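Participant: my questions concern the predicted model and sequence given below.
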Amino acid sequence: MKKGIIAIVIIILVIFGFYFINKSKDNYQLKLPEKDKVVSIKIENNFSVKTISLESTIKEILAIIDNNYETNVKSINDSPTSPDTLIKITFNYEGEVATFIYAYTRNGKYYLEQPYNGIYEINQDVFEKLENYLN
């Protein structure tokens, strides 16, 4: 009987332990601007720069990257470190400071990074759609 009670107490402590460990992990969510506030988007890499002002294209770009990305990997830099391919996406607002995110590849994987927020893994299709706006 005592062994059974001790086993139950241990199981309960283990469950609470896992709960508090998982709860203490920070989750970061990609913060995109409101579609109606963006007046232009500048997309650039080492070879090309495009500025997009057409409202329908701005909404298209925001829809491509608006997948409610979440991560527990924090971005601690102004820009990604050691990317293989890098695209900077700048959101310009009327009378407000621009914000930006990066899309990049590293070691065959695809990412979005919002400086000092999070690093989000994306699929190749999302990256290529963003890259196509530079052509």
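Facilitator: Thanks, I have the structure now.
Participant: show me the residue at the heart of the protein, geometrically.
Facilitator: Centroid check for the chain by CA atoms, centre = their mean gives residue 120 as the closest residue, at 3.9 Å.
Participant: before we move on, what's the pLDDT of that residue?
Facilitator: Listed pLDDT for residue 120 reads 95.
Participant: that's a helix at it, yeah?
Facilitator: No - counting by DSSP: H, G, I helix; E, B strand; the rest coil, one finds residue 120 to be strand, located in no helix.
Participant: partner residues bridging it?
Facilitator: residue 112 (DSSP bridges).
Participant: contact partners for it?
Facilitator: By CB atoms under 8 Å, 6 or more residues apart in numbering, the contact list for residue 120 reads 30, 69-71, 111-114. Placement of C-beta: from N, CA and C, glycine included.
Participant: same for the longest strand seen in the chain, what does it pack against?
Facilitator: Identified as the longest strand of the chain according to DSSP state E is strand 96-106. Applying 3 or more CB pairs under 8 Å, 6 or more residues apart in numbering; DSSP states H and E, one finds that strand 96-106 makes contact with strand 85-93, strand 109-114, helix 124-132.
Participant: pLDDT weak spots in this protein?
Facilitator: Along the chain, the model assigns pLDDT under 70 to residues 16-25.
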